[in-house]
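Colleague: Build me a model:
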Amino acid sequence: PKDRAKAIGAWSGLGGIAGAVGPFLGGWLIQVASWRLVFLINAPLAVIVCLVALKHVPESRDVNASKRLDVAGVVTGALGLAGLTYGFTSWADVGPASPLVWGSLLVGVASMVGFVLVEQRSKFPMLPMEIFRSRAFTAANLVTFAMYSALGGVLFLVVLNLQVVAGFGPMAAGTALLPLTVLALLLSARAGALAQRIGPRIPMTVGPLLAAGALVWFRGIGADASYWTDVLPAVILLGLGLSSAVAPLTATALGSVEDRHAGVASGVNNAVARASTLLAVAILPLAAGLGSGSLTNPVDLGPVYRTAMLIAASILVVGAVISVVAIPKKIVRPTVNVAHCAVSGPPMGATPAGPASSSSSSSVDSC
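Modeller: Alright, predicted model coming up:
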């Protein structure tokens, strides 16, 4: 546990590399070959990940976890995200009156409601609703949703705006965001360690506010924009905001639940981040007034881009407010379920607590 915040900081930094290298590599592939290679490049990366995991990742498991697959939860959750995303993505092409749009949205909403009901009643839920009893965990995921819904749509639109409106080439547009990677590598682990000392509330408040300021700056990128005066300062400010918040955010999500739920907590937090990014790319252009316009037309994209930056900045401010109100100054891991431990015993590799291990932290570790 004492190394968790630093480890998450390192993970955040490496994730930043992927986030920045992706647009750069994609732009290069489009420029020198074909956009189809953007999809093919994932195949060798997946092979490498599998080989590394098999050789180097140590095994760990919750021996008390259900061996059954929550099929109803999987189906309703997948249908919910698919329906919402497809409906909002099709909105601009066929209009909201199309049966394809409202039918997809209806399926999405109904499936998400069904997912919650299934998880509440299932004996073997893939998402135990009890973890949301932790106020810190729930707040951390709300902040995650706010940050990634804002940033997912923004990073998509910024790269697009640099090409369509500002006249950057694909490679130049992708390279423009590389400073995010440098800042993430330099600062994420340090931000995690700082949050461990002072608590997560301050960095989780300051980070979204800095990012919101960066988006207001991004709003000024128009035709003939200069990278050094119009783009780079906003990228640096955004990098400072992300580096401040991401590691403490993830550490809070993991640290506010019992150890036996750490894997589920991590999965929930990642799913919230990915789902919010997915929905933002589909919804943000519509919310900014795209209508039936085209994102590849500079006349249509310009005003949509500027409005989208303000909407996303507002969402980040909401995330900062949630942090102030609901994120505690210090994360205290919930006391362990003693009855659960007494019946099932410690998981594999754990040492039962001795006579001197009567504190709550020792009980958590031993269970």
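Colleague: Under the pLDDT cut-off, which ranges of the stretch 251-367 of the chain? List them.
Modeller: In the prediction, the stretch 251-367 of the chain carries residues with pLDDT under 70 at positions 333-367.
Colleague: show me where it has helices.
Modeller: 262-287, 298-326, 338-344, 360-366 (DSSP state H, counting those that start in this stretch).
Colleague: Same list (those) but as JSON lines, adding distance to Ser122.
Modeller: C-beta here means a position set from N, CA and C on the backbone, and glycine is covered the same way. Formatted as JSON lines, the helices of the stretch 251-367 of the chain follow (distance: least, CB to CB, whole Å):
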{"stretch": "helix 262-287", "distance to Ser122": "14"}
{"stretch": "helix 298-326", "distance to Ser122": "27"}
{"stretch": "helix 338-344", "distance to Ser122": "18"}
{"stretch": "helix 360-366", "distance to Ser122": "26"}
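Colleague: so which of these comes closest to Val57?
Modeller: helix 262-287 (13.2 Å; CB to CB).
Colleague: helices and strands around that closest one, which ones?
Modeller: Applying 3 or more CB pairs under 8 Å, 6 or more residues apart in numbering; DSSP states H and E, we find helix 262-287 packed against helix 71-94, helix 135-164, helix 232-255, helix 298-326.
Colleague: That one versus helix 232-255: what angle between them?
Modeller: With axes from the mean of the first three to the mean of the last three CA atoms, to 10 degrees as the basis, helix 262-287 and helix 232-255 are set at 140 degrees to each other.
Colleague: Quick one: distance of helix 262-287 to the chain centre.
Modeller: 6 Å (CA atoms, centre = their mean, to the nearest Å).
Colleague: let's have the chain start at 29 instead
Modeller: OK, 29 is where the count begins now, so the last one is helix 290-315.
Colleague: ok, Leu107 - contacts?
Modeller: Counting by CB atoms under 8 Å, 6 or more residues apart in numbering, Leu107 touches Val135, Gly136, Ser139.
Colleague: Surely the last one is in contact with Gly111?
Modeller: Yes. Assessed by CB atoms under 8 Å, Ser139 is found in contact with Gly111 at 6.0 Å.
Colleague: picking up where we left off before, return the subset of the contacts of Leu107 lying in strands.
Modeller: Among the contacts of Leu107, no residue falls in strands (DSSP state E).
Colleague: For Pro313, state which of these is nearest.
Modeller: Closest to Pro313, out of all of those and judged by CB to CB, is Gly136, at 18.0 Å.
Colleague: Tell me the one of the contacts of Leu107 nearest Ser40?
Modeller: When those are compared against Ser40 (criterion: CB to CB), the nearest one is Gly136, at 30.2 Å.
Colleague: how much space is there between the residue lying closest to the closest one once chain neighbours are set aside and Asn169?
Modeller: Distances taken as CB to CB, 6 or more residues apart in numbering put Gly111 closest to Gly136, at 2.7 Å, once the chain neighbours are dropped. From Gly111 across to Asn169, the span is 21 Å (CB to CB, to the nearest Å).
Colleague: Those two: which is more packed in?
Modeller: Ranked by neighbour count (other CB atoms under 10 Å), Gly111 and Asn169 place Asn169 first, with 23 against 20.
Colleague: Let me see the contact set for the more buried one.
Modeller: Ala281, Val296, Asn297, Val300 are the contacts of Asn169 under CB under 8 Å, 6+ apart.
Colleague: Need the per-residue pLDDT for the residue nearest to Gly136.
Modeller: We have a pLDDT of 94 for Gly111.
Colleague: go on, Gly44?
Modeller: For Gly44, pLDDT reads 67.
Colleague: Check whether the residue nearest to Gly136 really touches Trp130, as I assumed.
Modeller: No. When contacts are counted by CB under 8 Å, Gly111 is not listed as touching Trp130 (10.6 Å).
Colleague: Tell me how far Met232 lies from Leu170.
Modeller: 11 Å.
Colleague: Give me the more crowded residue out of these two.
Modeller: When Met232 and Leu170 are compared for neighbours, Met232 comes out ahead with 29 against 17, by other CB under 10 Å.
Colleague: What helix or strand is the more buried one located in?
Modeller: Under the criterion of DSSP states H and E, Met232 resides in helix 229-246.
Colleague: what mean pLDDT does that helix have?
Modeller: 96.
Colleague: how far off helix 163-192 does it point, in degrees?
Modeller: Computed by the same axes, to 10 degrees, the angle between helix 229-246 and helix 163-192 is 20 degrees.
Colleague: what comes up buried for helix 229-246?
Modeller: 229-243, 245-246 (16 or more other CB atoms under 10 Å).
Colleague: do stretch 102-111 as well
Modeller: In stretch 102-111, counting by 16+ other CB under 10 Å, buried: Thr104, Gly105, Leu107, Gly108, Leu109, Gly111.
Colleague: I'm done for today, thanks for sticking with me.
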